[in-house]
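Novice: fold the following.
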Amino acid sequence: GTGNPAAAAAAAAWKDAVLPVPVRAPPASRAPRPLAPETENLLRWKAVAIVGMLERRVGEDALRKVLRRMSNLQGKAFGFEELQKAATATAAAAKAAREKAAAAAAEAET
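Specialist: Residues are numbered from 1 along each chain as shown. Alright, predicted model coming up:
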């Protein structure tokens, strides 16, 4: 070809290079240092609002299927156990809140 031989040699060297990858690297989405409590609360409320919006849009069963698939993928990442415990607690709290709201609505009708 008419390409640059130096560039071709560099590309060949990179192709065969083995880059060191840490075995238990933390996820890239984790903040480098702890957030302020106000920011943490704001992010938590935003996440709750987004999950609620998605649940209304796609339905409870479809969202559960997506979250299950994401948790299966996350199971291969660092910090999986903590995320799974948090997701289980959140699901239980959401179910309890729905049941409480349904009971209050039924009681209001009588």
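Novice: and the pLDDT at Val23?
Specialist: Residue-level confidence at Val23 comes out at 54, pLDDT.
Novice: residue ranges with poor pLDDT in the protein?
Specialist: Applying pLDDT under 70 to the chain flags the ranges 1-3, 10-32, 74-80.
Novice: element containing the spatially most central residue of it, please.
Specialist: Taking CA atoms, centre = their mean, the centroid of the chain lies closest to Met70, which sits 7.0 Å from it. Assigned by DSSP states H and E, Met70 belongs to helix 60-74.
Novice: what's the next secondary structure element after that helix?
Specialist: Following helix 60-74 toward the C-terminus (DSSP H and E): helix 80-109.
Novice: tell me the angle of that following helix relative to helix 60-74?
Specialist: 170 degrees (axes from the mean of the first three to the mean of the last three CA atoms, to 10 degrees).
Novice: show me what helix 80-109 is packed up against.
Specialist: helix 60-74 (3 or more CB pairs under 8 Å, 6 or more residues apart in numbering; DSSP states H and E). Quick note: C-beta positions are derived from backbone N, CA and C, even for glycine.
Novice: what comes into contact with the helix it packs on?
Specialist: Outside helix 60-74, the residues that touch it by CB atoms under 8 Å, 6 or more residues apart in numbering are Val51, Leu54, Glu55, Val58, Phe80, Leu83, Gln84, Ala87.
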